[in-house]
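# Fold the following, please.
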Amino acid sequence: MKQFFLALNTCEKTLLFIVLVIYCHNLFIDIMIVDAAQYASIALEMYATNSYLAIFDLGVDYLDKPPLLFWISSLFFKAFGVHTLTYKLGSFFMLLLAVYSTYKFTLLYYTQSIAKNAALLLATCQAFFLMTNDVRTDGLLLSSVITAIWLLSNYLITKKIKYLVLGAVFTALAMLAKGPIGIIAVLMPIGVQLLYKKKAIEIISYNWLIYLVIVAVILLPMSYGLYTQFDLHPEKIIGGKLNQSGLYFYYWQQSFGRITGESFWDNGLPWHFFIGSIVWDYFPWIFLLYFGLFMQAKKLLQKQEVPELISLSGFLLLFIMLSMSKYKLPHYIFVTFPFAAILSANYIETVSYNQAKNWIRFYRFLGILVLGILMAYRLFFFKEINGIVAFLGILQVYILFRSATSNTPFLPKILSLVIVLNLFLSFVFYPKLLTYQADSMAGKWISNSHPSAKIYVLDEPARAFNFYTKNPFLRVVKNPNLDTIQFPYWLYVQEKDLSQLEQNYVLTTKKRFPNYHITKIKLPFLVQESRPKYLEYKYLIQLVNKKPKR
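Below you'll find the predicted structure:
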């Protein structure tokens, strides 16, 4: 780590400090619905019940994601209490490890300059800012994969067994984070590298048996939990299906079934979906990646020797494989981004003086767009006076002016032109947006105002509400069963149910919370004048008695 920081110049250290400030602030931003809220709720339930092998979601058997995120978050809950921060903290540390592992892996094959740039590119792509905010399983997968690849590459170079053992540990963690895709993402690029270097004989080395045994041993607790929770109970109905094997689901159906069609998960997105989604997720470096891919492919077609094929195969083959899945979400390709960063850093090393000037002009244009976003936010979206927005606007103007005259090195210069965007997203946009996530706002309000209240949720689960009330046992109650609960109690309800409840029950308190599905945001919602048309409302009401029938 010391070697990495010594390689940074003053401007790079300043920018990296700003990036860390954004990361740290993101850790305190409310957990987002849907996936992250569900995972936080499961981790909270695990923490409360100490059920680490049998996993439940609101008391119901859970069979979907592997348990690593739940294990890590629940352990942080035990150590430091239940907070937004403690849910995200484990993933945050793993993301820092991913940056370091990318640097160390790149250093095995390239110059320190390329290794340093690869780490900076990875740390500042949009996906990394997203993963410190909206914490799912992808950060754990990405970090485990690139760390395992660094260690195994070290093993191939030095033949030291300790690197093989540690590589196996992180391969197992990758599988515990996301499933069999973890070991594929590790071994496929390693295998390609051995074939490229004409060392295919090393693939059948007995040492790989040690690797596989270590992976299998680390997976044993999860496998045992799956077996006892599901395989021993064929009478359980899981996903509408009897006799669902937990082991078969994890080791085959959940991952490979999405390609073969065996899995019922299919959101109908086309094969080229990720080609579009990566433009934002790897922003602002996506354009450098295009050139990096072209440069590497050109070298291979011209039969030029390249130091390694791990980064190219790790990016392209995984990208193609994930594109074949019948169920796609943008964050699925985050695992390819360490490889993308290395390809991009390779290209940067070849940029000439004139090319650098053209790139700076392009990123200055993006910087102007960032300034336009700040102005649009104040003029059209949220018109209240905001000192942070004003400060960021002045800062962006200063950066745009300085970029035309300073002698800052190429990468820090183009990064400085767009870094304000994530300062804005972290300190202004997401905190404001999350005031329209009713479940978390209502959960925090009732937890602060009535911490010992008896609370129920009407009809539909509200996992973010459960998490922020710090009560994983809040169960859903159906309308006909309300009379069976002893008064008084609180009820969390949707707007459509309110009028009927007001007709039938005596209410002493009614607290309203605006609601919008913020992870599916659309422009008309952002525009202040049209926003009310897109808002729904949820309510916390206190029921004290049933009204007499007339």
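
# Secondary structure element holding the nearest residue to Tyr332 once chain neighbours are set aside?
In space, Tyr332 comes closest to Leu322 once its chain neighbours are excluded; the distance is 5.3 Å by C-beta to C-beta, 6 or more residues apart in numbering. Heads up, the C-betas are built off the backbone N, CA and C, glycines and all. Taking DSSP states H and E as the criterion, Leu322 maps to helix 310-323.

# Give me the residues contacting that helix.
For helix 310-323, the surrounding residues in contact (C-beta atoms under 8 Å, 6 or more residues apart in numbering) are 105, 149, 153, 184-185, 188-190, 192-193, 259, 271-274, 293, 296-297, 300, 306, 328, 332-333, 335-336, 338-340, 342-343, 346.

# go on, stretch 471-481?
Residues outside stretch 471-481 that contact it (C-beta under 8 Å, 6+ apart): 41, 44-45, 47-49, 58-59, 455-462, 465-466, 485, 491, 497, 500.

# In PyMOL, how would I select the buried members of those residues?
PyMOL command restricting the contacts of stretch 471-481 to the buried ones, with burial defined by 16 or more other C-beta atoms under 10 Å:
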select buried, resi 41+44+45+47+58+455+456+457+458+461+462+465+466+491+497
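
# and Pro284, helix, strand or coil?
Under the three-state scheme (DSSP: H, G, I helix; E, B strand; the rest coil), Pro284 adopts coil.

# Surely it and Leu366 touch.
Yes: shown here, Pro284 and Leu366 form a contact pair, counting by C-beta atoms under 8 Å, at 6.2 Å.

# Look at the two and report which has more neighbours.
Each of Pro284 and Leu366 has its neighbours counted (other C-beta atoms under 10 Å); Pro284 has more, 22 against 16.

# Ignoring the adjacent residues along the chain, who's closest to that one?
With C-beta to C-beta, 6+ apart as the measure, Val418 is the residue that lies nearest to Pro284, at 4.7 Å, once sequence neighbours are left out.

# Quick check: phi and psi on that neighbour?
Main-chain dihedrals, Val418, degrees, to the nearest 10: phi -120, psi 0.

# Tell me the helices and strands packed up against the helix or strand harbouring Thr509.
Counting by DSSP H and E, the element that carries Thr509 is strand 505-515. Applying 3 or more C-beta pairs under 8 Å, 6 or more residues apart in numbering; DSSP states H and E, we find strand 505-515 packed against helix 438-449, strand 536-546.

# ok, and what's touching the helix or strand just after it?
Using DSSP H and E, the helix or strand that follows strand 505-515 in sequence is helix 523-526. Residues outside helix 523-526 that contact it (C-beta under 8 Å, 6+ apart) are 380-381, 516, 530-531, 533-535.

# Filter these down to the buried ones.
In terms of neighbour count (16+ other C-beta under 10 Å), the buried residues within those are 381, 516, 531.

# my guess is Ala200 contacts Ile190, does it?
No: the pair Ala200 / Ile190 is not scored as a contact, 11.9 Å apart, by C-beta under 8 Å.

# Would you mind telling me which of the two has more residues around it?
Set Ala200 next to Ile190 and count neighbours by other C-beta under 10 Å: Ile190 wins out with 21 against 11.

# residue contacts, that one?
Neighbour list for Ile190: 149, 152-153, 156, 310 [criterion: C-beta under 8 Å, 6+ apart].

# Let me see the mean pLDDT of the helix or strand where it lies.
In the assignment (DSSP H and E), Ile190 maps to helix 181-196. Per-region confidence: helix 181-196 scores 93 on mean pLDDT.

# Tell me the strands beside the strand holding Thr509, with direction?
Sheet pairing of strand 505-515 (DSSP bridges) gives strand 536-546 (antiparallel).

# contacting residues around the partner strand?
With contact meaning C-beta under 8 Å, 6+ apart, strand 536-546 is reached by 438-439, 442, 445-446, 482-483, 487-495, 498, 501, 504-516.

# Show me which of the residues you listed are buried.
Buried among the contacts of strand 536-546 by 16+ other C-beta under 10 Å: 438-439, 442, 446, 482, 489-494, 498, 501, 505, 507, 511, 513, 515-516.

# which secondary element of the protein has the worst mean pLDDT?
Sorting the helices and strands of the chain by mean pLDDT, DSSP states H and E puts helix 257-260 at the bottom, at a mean of 61.

# And the next helix or strand past that one?
Moving toward the C-terminus from helix 257-260, the next helix or strand (DSSP H and E) is helix 273-281.

# Show me the shaky parts of the stretch 201-350 of the chain.
Counting by pLDDT under 70, the stretch 201-350 of the chain contains low-confidence ranges at 257-268.

# Reformat the contacts of helix 523-526 as TSV; add pLDDT and distance to Pro67.
Shown next, in TSV, are those (pLDDT from 0 to 100; distance: C-beta to C-beta, whole Å):
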residue	pLDDT	distance to Pro67
Phe380	88	44
Phe381	90	39
Tyr516	92	31
Ser530	92	43
Arg531	91	39
Lys533	90	42
Tyr534	91	37
Leu535	92	36
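
# Let's have those residues in JSON lines, adding secondary structure and distance to Pro472.
As requested, these are exported to JSON lines (DSSP: H, G, I helix; E, B strand; the rest coil; distance: C-beta to C-beta, whole Å):
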{"residue": "Phe380", "secondary structure": "helix", "distance to Pro472": "40"}
{"residue": "Phe381", "secondary structure": "helix", "distance to Pro472": "35"}
{"residue": "Tyr516", "secondary structure": "coil", "distance to Pro472": "25"}
{"residue": "Ser530", "secondary structure": "coil", "distance to Pro472": "37"}
{"residue": "Arg531", "secondary structure": "helix", "distance to Pro472": "33"}
{"residue": "Lys533", "secondary structure": "helix", "distance to Pro472": "35"}
{"residue": "Tyr534", "secondary structure": "helix", "distance to Pro472": "31"}
{"residue": "Leu535", "secondary structure": "coil", "distance to Pro472": "28"}
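
# residue closest to the middle of the protein?
When C-alpha atoms, centre = their mean is applied to the chain, the residue found nearest the centroid is Met131 (3.6 Å).

# pLDDT on the lengthiest helix in the chain, on average?
Assignment by DSSP state H gives helix 84-109 as the longest helix of the chain. Per-region confidence: helix 84-109 scores 96 on mean pLDDT.

# same deal with stretch 476-485?
The average pLDDT within stretch 476-485 is 83.

# Can you give the distance of it from its chain's centre?
Using C-alpha atoms, centre = their mean, to the nearest Å, the mean C-alpha position of stretch 476-485 is found 36 Å from that of the whole chain.

# what distance separates the start and the end of that stretch?
One end of stretch 476-485 sits 12 Å from the other (C-alpha to C-alpha, to the nearest Å).

# Same question for stretch 245-254.
11 Å.

# quick one: buried residues of it?
For stretch 245-254, using 16+ other C-beta under 10 Å, the buried residues are 245-246, 249-254.

# From Val169, how far off is Ile278?
Note on Ile278: its distance to Val169, by C-beta to C-beta, to the nearest Å, is 30 Å.

# Right, I'll call it a day here.
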